[in-house]
Each structure stands twice: as C-alpha cells, then as structure tokens.
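In: Kindly return the folded structure for what I paste below:
(one chain, ligands or ions: 1)
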Amino acid sequence: MDFKVADLSLAAFGRKEIQLAEHEMPGLMAVREEYAAAQPLAGAKIMGSLHMTIQTAVLIETLVALGAEVRWVSCNIFSTQDHAAAAVVVGPEGTPEDPKGVPVFAWKGETLEEYWWCTEQALLWPGGGGPNMILDDGGDATLLVHKGAEYEKAGAVPSASEDDPEEWGVILELLRRTVTPEGHWTKVAAGIKGVTEETTTGVHRLYEMFKNGTLLFPAINVNDSVTKSKFDNKYGCRHSVIDGLNRATDVLIGGKVALVAGYGDVGKGCADALRGQGARVIITEIDPICALQAAMDGFQVATLDEVVGSVDIFVTTTGNFNIITADHMAQMKHNAIVSNIGHFDNEIDMAGLARIPGIEKTEVKPQVHTWRFPDGKQIIVLAEGRLMNLGCATGHPSFVMSNSFTNQVIAQIELFTKTDDYPIGVYVLPKHLDEKVARLHLDALGVKLTKLTKAQAEYIGVDVEGPYKSDHYRY
Ligand SMILES: O=C(Nc1ccc2nc(N3CCOCC3)sc2c1)c1ccc(CN2C(=O)C=NC2=O)cc1
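Out: All right, here's what the predicted structure looks like:
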C-alpha cells in the first residue's frame with residue numbers, strides 16, 4: 001500500500017483518539033450499522049481531499065465500512081493531525097510495521113509542491129486509472145482533474161503569468177508533467193461519477209463551472225444541507241470560540257465587554273456563548289434583519305466606532321474584510337483581545353497594524369501575539385487574525401463534524417448508487433435526507449420525537465414521515 005505521512009509510530013495515539021471521537025460521532029456510527037449489510041459503496045473508489053483530522057479519520061473508516069476503496073489527502077497544508085493520518089494508514093487491524101488501513105498522503109506543514117503531489121498521488125489508483133468518486137473540501141481535487149482534462153483537450157499547458165499566485169505556477173508545473181497525448185486526465189475525469197463538496201468555497205467553484213459549461217460530472221453541495229452549515233456555523237462556533245479564547249488566554253470572560261461583529265449563524269453562536277460566560281455582549285451589523293434579531297435577542301447593537309474604546313474582547317464573524325482596522329486597534333483598551341472566527345483571514349487589518357510606526361510585535365506563545373503601540377498600550381491578537389478556533393483550538397468538536405460528515409456519506413451513497421438520477425449539475429441533498437441526518441443524531445442526545453397523526457399530517461399537508469418543511473424554510 002502506498003502512502004506518505006509524517007510518522008507511523010503516532011498511530012496508537014491516533015487510534016485512541018479515533019475511538020473517543022466515534023463515541024461523539026453517532027451519525028457516522030449509525031450509518032455504519034444501517035448500511036453494513038447492504039455495502040452500498042462496494043465498487044466505489046473514493047478520492048478524498050479534506051482536512052486529515054481525527055474526525056475525518058472516522059469519516060474515512062465509515063466509507064470503508066460501507067464497502068468503498070479510499071485514498072486521502074488534506075485540503076490545507078497545515079490542517080493535518082499527524083497522529084490521525086498515521087492511524088488511518090495503519091488501520092484498526094494493522095501495525096506500523098504492517099499497515100492495513102487506507103492510503104493517506106498528508107502531513108502538517110506541507111509545501112505547496114508537496115500538497116499538489118499528494119493530491120496527484122491520491123488520484124492515481126494502483127493498477128492504473130483513477131477514482132470513480134471525489135469527496136472534496138474547497139474544490140482542489142475537482143480543480144486538478146478539470147484543468148488536466150482541459151489542457152489535454154487544448155493540447156497544451158499554459159505558463160503562469162507574473163501576477164498569478166505562486167500556487168497556480170505549482171499546479172501548472174504538475175500538469176505539464178502529467179498531461180499526456182493519450183489523455184491521462186481526460187480518462188480520470190471520464191471515470192468519475194460525481195463529487196460531493198463540503199464547503200462554500202468549493203460549492204462556489206462548482207456553480208461557476210456549471211454556469212460556464214465546463215463541469216464534467218455531477219456534484220452534490222453538502223455545504224447547504226441545514227444539518228451541515230447551521231451546525232458548523234452556529235453550534236460549532238458556539239463551542240469553539242470559547243475553546244479558542246480559553247486555550248489562548250486565561251481571560252475571565254464573565255464581567256467583561258465582548259463585541260461580536262456580525263450576527264449571522266456564526267455571530268449568533270458566538271454571542272450566545274459569550275453571554276453564557278457572563279460577558280456583556282455588543283453586536284455590530286450592517287443588515288437590518290440581523291440587527292433586529294440581535295436586538296430582539298437582548299443584545300446592544302452599536303457601531304464599532306462608538307464602543308471600540310470600552311470593549312475587552314473582539315470577535316469578527318462577518319466573512320467580509322477590514323472589519324477591524326489599524327485605527328480601531330489604536331483606540332482599543334490596554335490588553336484588549338482581538339480575534340477572528342469568520343470565513344476568511346482578512347477581517348482584521350493585520351497589514352495595516354504592522355505598518356504603524358514604532359509598533360512592536362511579540363510572540364507570547366504560538367498563535368498569541370501582543371502588539372505594543374508607541375504610547376505603551378498593547379493589544380493581544382489571536383492566530384494572527386486568521387481563524388482563531390483553528391489556530392488556537394481544534395476547530396469544531398466531533399459531534400458537530402458528525403453532522404457534516406454524515407451528510408457527506410449519504411451524499412456519496414446517493415451519487416454513487418443513483419448516478420442516472422443526477423445529470424451534470426450541482427444539487428443539494430433532498431430534505432428527507434437532511435432530516436435523516438438529524439434523526440441519526442437524536443438517540444445519542446436522548447431526544448424523543450413526537451409523531452404526527454395522519455390527520456395532523458394531512459392538516460399541514462405533509463407526510464407523517466416528512467419532509468416537514470418546504471425547501472425555502474429558514475430554520
Ligand atoms: O484549517 C483547518 N485547520 C488548520 C489548523 C492549523 C493551521 N495552522 C495554520 N497556520 C497558518 C500559517 O501559519 C502557521 C499556522 S492554518 C491552519 C488550519 C481546519 C479546518 C476545518 C476542519 C474541520 N474539522 C475537523 O475535521 C474537526 N474539527 C473541525 O473543525 C479542520 C481543520
């Protein structure tokens with residue numbers, strides 16, 4: 001079995017954490033039980049490009065339990081947990097000397113060249129050919145296959161231009177080495193029944209490809225399942241914003257003033273968590289509906305300029321850029337904590353902060369820095385303005401990922417076993433499957449569902465077994 005990970009001797013530690021995570025991932029364990037006999041993924045050859053963490057290890061081993069052959073890479077050069085990668089390669093039955101698990105090509109701290117080499121390796125099946133399914137997070141695996149096929153059709157690989165990002169040059173170099181006159185990537189693309197995509201970035205790329213007529217196989221947008229995005233954004237961040245703050249600082253949140261920029265699902269989760277810790281929470285918002293919701297939920301809604309000098313803890317959640325500027329940071333209290341948990345890394349103007357004459361940056365510990373101004377006042381910035389729940393903690397907890405990843409498994413089964421029902425296009429899971437994901441998590445929480453009578457179901461125009469809401473219902 002081919003693989004490349006940091007250190008197989010970490011496998012035993014990884015296996016112990018996988019066993020703990022399985023207990024907190026009831027949806028995946030329930031799917032293993034429900035489908036064990038049917039083996040719906042028998043014959044599936046799944047290439048996965050998704051953060052190689054302990055929780056993802058449980059996802060991988062669920063796909064294998066349902067009959068799939070799997071090859072895996074991480075979708076971020078820093079996100080691999082090396083003990084998770086080692087445990088997946090060794091497998092539950094193997095040893096570091098005799099690994100019996102799944103080929104993984106991932107380690108924490110890959111270079112860009114190594115990252116794309118890993119993706120290429122995971123797309124090459126032993127004995128030739130490629131996968132017949134992709135499980136993607138951010139769209140890099142889908143991109144490589146599409147660009148390879150495109151350049152084989154064009155008969156040439158273009159050169160990167162001056163202002164292209166470095167990564168694009170790395171991808172073109174790989175493609176220059178791997179496209180063939182016989183059509184290596186064209187054949188790989190032709191062998192793929194479909195892709196299931198985890199996140200907004202990858203989903204956006206898929207809709208763009210479908211719109212411009214270049215999408216080569218159908219895709220299921222897992223991100224927009226209610227039991228994925230609502231859980232990641234609201235419940236995941238409600239947990240991990242506190243986790244990140246506590247691991248990074250020993251600040252007592254109770255009694256302090258916390259500002260949450262944005263009151264979408266991420267902001268709602270963060271505001272709820274910070275209020276739960278006893279902070280007085282102020283919200284900033286640009287959207288009148290979200291602002292009204294925040295007011296109805298009992299939060300003060302103000303502008304950052306009005307309150308910047310009285311806040312102890314800042315959390316940005318907007319998905320926009322330059323929410324907290326260098327000028328704002330210059331007005332902050334001494335030792336104010338500044339953090340971002342929004343989708344991108346540019347919500348806090350770190351470049352502007354670094355340009356302040358006389359500013360002094362000091363690392364307190366990894367992912368925690370003080371920035372001292374010439375007047376002696378300093379602020380504490382977490383994860384250098386990047387996602388603080390990933391830089392300072394371990395992202396979302398297992399139970400939240402169980403919801404996301406159960407959607408992935410159900411989407412893989414749907415696309416692999418009912419391919420003819422999915423002509424090339426981008427789909428969301430039908431609502432009854434979204435509801436199924438929720439159902440699979442209820443027993444673990446001791447939830448007892450109430451059943452509709454037939455008359456009640458008819459009264460509201462639904463089946464007794466659901467789906468219970470219209471497709472445009474906002475949960
Ligand atoms: O991105 C993830 N993780 C991550 C970890 C460390 C890290 N260090 C970085 N740098 C930047 C440059 O300077 C050096 C440090 S970037 C970075 C990213 C990530 C996302 C979702 C899930 C999904 N997930 C799980 O699988 C389990 N819980 C989750 O949230 C995982 C990791």
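
In: Quick check, pLDDT for the residue of the stretch 251-400 of the chain found nearest the ligand.
Out: Closest contact between the stretch 251-400 of the chain and the ligand, by Cβ to the nearest ligand atom, is at Gly395 (2.4 Å). C-betas here are computed from N, CA, C, even on glycine. The model reports Gly395 with a pLDDT of 95.

In: so the nearest residue to it once chain neighbours are set aside is in which element?
Out: Spatially, and ignoring its direct neighbours in sequence, Gly395 is nearest to Asn389 (5.8 Å; Cβ to Cβ, 6 or more residues apart in numbering). In the assignment (DSSP states H and E), Asn389 maps to helix 388-391.

In: which helices and strands does the following helix or strand past that helix pack with?
Out: Where DSSP H and E defines the elements, the next helix or strand beyond helix 388-391 is helix 398-417. Using 3 or more Cβ pairs under 8 Å, 6 or more residues apart in numbering; DSSP states H and E as the contact test, the elements touching helix 398-417 are helix 26-35, helix 54-65, strand 133-136, strand 194-197, strand 219-221, helix 226-230, helix 431-442.

In: Now the closest residue to the ligand within the stretch 151-300 of the chain: closest residue in space, sequence neighbours ignored.
Out: Residue nearest to the ligand within the stretch 151-300 of the chain: Gly236 (6.6 Å; Cβ to the nearest ligand atom). Once flanking residues are discounted, Gly236 sits nearest to His396: 3.5 Å by Cβ to Cβ, 6+ apart.

In: Please enumerate the strands of the stretch 1-150 of the chain.
Out: Taking DSSP state E, counting those that start in this stretch, the strands of the stretch 1-150 of the chain run over residues 45-49, 69-73, 104-105, 133-136.

In: what does the model give Asp250 for pLDDT?
Out: On pLDDT, Asp250 comes in at 89.

In: can you count the residues close to it?
Out: The tally of other residues near Asp250 (other Cβ atoms under 10 Å) stands at 7.

In: now do the one 5 residues further on
Out: Counted with other Cβ under 10 Å, residues neighbouring Gly255 total 10.

In: about what we covered before: next up, the contacts around the residue of the stretch 251-400 of the chain closest to the ligand.
Out: His51, Thr53, Gly236, Ser240, Asn389 (Cβ atoms under 8 Å, 6 or more residues apart in numbering).

In: a markdown table for those residues, including neighbour count?
Out: Formatted as a markdown table, the contacts of Gly395 follow (neighbours: other Cβ atoms under 10 Å):
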| residue | neighbour count |
| --- | --- |
| His51 | 22 |
| Thr53 | 23 |
| Gly236 | 25 |
| Ser240 | 27 |
| Asn389 | 26 |
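
In: any weak-confidence spans in the protein?
Out: For the chain, applying pLDDT under 70 flags no range at all.

In: Quickly note the distance from the most centrally placed residue in it to Asp164.
Out: The centre of the chain sits closest to Thr199, judged by Cα atoms, centre = their mean, with a distance of 5.9 Å. Separation of Thr199 from Asp164 (Cβ to Cβ, to the nearest Å) stands at 23 Å.
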